[in-house]
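A.B. asks: Got a sequence here, can you build the structure:
(one chain, ligands or ions: 1)
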Amino acid sequence: MYALVIDGGRPLEGQVRISGAKNAALPLMAAAILTREPCVIRGIPRLSDVAFMGRILTSLGASVRFNGGSVTIQASRIRGFADYDLVRKMRASVCILGPLLARLGHAQVSYPGGCVIGPRPIDLHLKGMRALGAEITIDGGYVCARAEKLRGAPIFLGGRAGPTVLGTANVMMAAALAEGTTVIDSAACEPEVVDLANFLNAMGAKIAGAGSPTITVTGVKELHGATHEVIPDRIEAATFAIAAAATKGEVTLTHVRPEHLRSVLDKLMEVGVEIFENGESLTVRAAGPFRPSDITTQPYAGFPTDAQAQMTVLMTQADGVSIITERIFESRFMHVSELARLGANIAIEGPSAVVKGPTPLRGAPVMASDLRASAALVIAGLVAQGRTRVRRIYHLDRGYEMIDAKLRKLGARVRRISE
Ligand code: EPZ
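C.D. replies: Numbering: from 1, shown residues only. Now for the predicted structure:
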């Protein structure tokens, strides 16, 4: 296992290039199942989750070739049975269900488990597949789906916490090859859903309305190969923007789409951070002090749940009390107990974290627990005086490409050690 050792207390300064979006890349790779022709996806981030999706597609019989920042996937022949242990390890792999069902008329995918941030149900995914005419059974821990022919249908995909991102992706991919028209209401509006719709349309699908709560899919007989560039990772960009602010530095992020993280930039400016946008780059500068703020996570275009833990660290440095409320997942405050070890003063009140600031942070050994909580611990280590050791950083490597190298380039004293 690896850990990051961070000697904090220095401002981040310089320029960093944001990688392609993990949460776009995973469904894009799954979409290649929908055609027997080769698909080329460029700007793929080199992440363990992406490599894992490659392994899953290979286990289904597809050829997957990574070449630098691109991947070529050809599913000329494909099986509908996904290896139990493989799929179980990465819940995002549930997005192979829709394409397998559309391509083959049957699919057997292990029921994705929950994770530390919540139970992660897939009832809405299955509601969508059933609406398209699939028979779904759960057997021996597998989701077994079967459909002679998928038929377009009206589908309401809103759940208890609002829309479902991967559920929308799954239904869009299944509906692309269904007979007739599908209208998805309460569809997720995330940029990653739009990126997938653009790729599917480049493959010959007929999808309109992506990015809005109502997506219309007119089924076609078959799809062909296509080449596509992944959008920049708005959550990585948010993470680096917050780190630049929290360390009172000045960092220019390149290869970003500022409009994809508008809610985060707006919140940063509200608390006293300066943001300068220039096309596909943005500069973040902060000298403090920071004003406290109330933040509630919401579906896009609201404040993203995936940036909640990172923002919590910044608010430990604000002059006053901030209330951070998590409305998307059930238990996404794993970082709070670890931040307390660095001196943070945070109380959990139901769905909210009450953050009292400013509190000087001092380095300490901490444990990563999930992807974004790990990113929060790294930011806290960069802010803290002294040395912080973030352990189990395999969580971090799932979603941040070469984060220690990128931080060193910005002047951070951080090194990766095996332990
Ligand atoms: C995607 O997960 C992202 N992952 C998550 O990012 C992100 O936090 C999440 O969307 C919300 O924005 C990928 O894209 C790979 P959801 P997804 O279905 O699609 C409930 C990260 O750190 N729900 O939008 O799995 C669910 O429990 C990860 O990069 C149902 O009730 O999330 C949650 O409360 C973490 N029934 C809410 O909806 C369902 O069938 C949103 O979940 C599906 C979801």
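A.B. asks: List the residues that contact the residue nearest to Met53 when sequence neighbours are not counted.
C.D. replies: Nearest in space to Met53, with sequence neighbours left out and distances taken as Cβ to Cβ, 6 or more residues apart in numbering, is Met29 at 4.9 Å. Every residue, glycine included, has its C-beta placed from N, CA and C. When the contact criterion is Cβ atoms under 8 Å, 6 or more residues apart in numbering, the partners of Met29 are 41, 50, 53-54, 57, 64, 71, 73.
A.B. asks: 7 Å instead?
C.D. replies: When contacts are counted by Cβ atoms under 7 Å, 6 or more residues apart in numbering, Met29 touches 41, 53, 57, 71, 73.
A.B. asks: Same check on Gly54?
C.D. replies: For Gly54, the contacting residues are 64, 66, 71, taking Cβ under 7 Å, 6+ apart as the criterion.
A.B. asks: if we can go back for a sec, element containing the residue nearest to Met53?
C.D. replies: Counting by DSSP states H and E, the element that carries Met29 is helix 22-31.
A.B. asks: Just checking, which helix or strand succeeds that helix along the chain?
C.D. replies: Using DSSP H and E, the helix or strand that directly follows helix 22-31 along the chain is strand 38-42.
A.B. asks: For that next one, which strands pair with it and how are they oriented?
C.D. replies: Sheet pairing here is set by DSSP bridges, and for strand 38-42 it gives strand 70-74 (antiparallel), strand 227-229 (parallel).
A.B. asks: Centre of the chain to the longest one, how far?
C.D. replies: Shown here is strand 70-74, whose average C-alpha point lies 21 Å from the average C-alpha point of the whole chain (Cα atoms, centre = their mean, to the nearest Å).
A.B. asks: Could you see whether the ligand lies near whichever helix or strand comes after it?
C.D. replies: Beyond strand 70-74 in the direction of the C-terminus, DSSP H and E gives the next helix or strand as helix 84-89. No: counting by Cβ under 6 Å from any ligand atom, the ligand has no neighbours in helix 84-89; the shortest distance is 13.4 Å.
A.B. asks: Tell me where the stretch 101-250 of the chain has strands.
C.D. replies: In order along the chain, the stretch 101-250 of the chain carries the following strands (DSSP state E, counting those that start in this stretch): 106-110, 135-139, 142-146, 154-156, 181-185, 206-208, 214-218, 227-229, 250-254.
A.B. asks: List the neighbours of the fifth one that are in contact with it.
C.D. replies: Strand 181-185 is contacted by residues 132, 152-157, 168, 171-172, 175, 213-218 when judged by Cβ under 7 Å, 6+ apart.
A.B. asks: helices and strands around the helix or strand harbouring Val336, which ones?
C.D. replies: When secondary structure is defined by DSSP H and E, Val336 falls within helix 334-340. In this structure, helix 334-340 makes packing contacts with helix 308-315, strand 345-349, helix 371-383, judged by 3 or more Cβ pairs under 7 Å, 6 or more residues apart in numbering; DSSP states H and E.
A.B. asks: The ligand next: which of the contacts of Met29 are close?
C.D. replies: Within the set of the contacts of Met29, contact with the ligand (Cβ under 6 Å from any ligand atom) is found for no member.
A.B. asks: On the pLDDT front, check the closest residue to Pro99 other than its chain neighbours for me.
C.D. replies: Of all residues beyond its chain neighbours, the one nearest Pro99 is Ile33 (3.9 Å), with distances taken as Cβ to Cβ, 6+ apart. Per-residue confidence (pLDDT) for Ile33: 98.
A.B. asks: So Ile33 sits against Ala75, correct?
C.D. replies: Yes: with contact defined as Cβ atoms under 7 Å, Ile33 and Ala75 form a contacting pair (4.9 Å).
A.B. asks: So for the two, which sits in the more crowded spot?
C.D. replies: When neighbours are counted by other Cβ atoms under 10 Å, Ile33 comes out ahead of the other of Ile33 and Ala75, with 28 against 25.
A.B. asks: Contact partners for that one?
C.D. replies: With contacts taken as Cβ under 7 Å, 6+ apart, Ile33 has the following neighbours: 62, 75, 78, 96, 99-100, 103.
A.B. asks: tell me which parts of the stretch 51-200 of the chain are close to the ligand?
C.D. replies: Counting by Cβ under 6 Å from any ligand atom, the stretch 51-200 of the chain comes close to the ligand at 92, 118, 120-125, 159-161, 164-167, 188, 192.
A.B. asks: now these: which count as buried?
C.D. replies: Neighbour-count burial (16 or more other Cβ atoms under 10 Å) is assigned, among these, to 92, 122, 124-125, 164-167, 188, 192.
A.B. asks: Tally up the residues packed near Leu280, please.
C.D. replies: No, residue 280 isn't Leu; it's Glu. Residues lying near Glu280 (other Cβ under 10 Å) number 13.
A.B. asks: Which of the contacts of Met29 ranks first by neighbour count?
C.D. replies: Top of the contacts of Met29 by neighbour number is Met53, holding 28 neighbours under the definition other Cβ under 10 Å.
A.B. asks: relative to strand 70-74, how tilted is the helix or strand where it lies?
C.D. replies: When elements are assigned from DSSP H and E, Met53 belongs to helix 48-59. In this structure, helix 48-59 runs at an angle of 20 degrees to strand 70-74, with axes from the mean of the first three to the mean of the last three Cα atoms, to 10 degrees as the basis.
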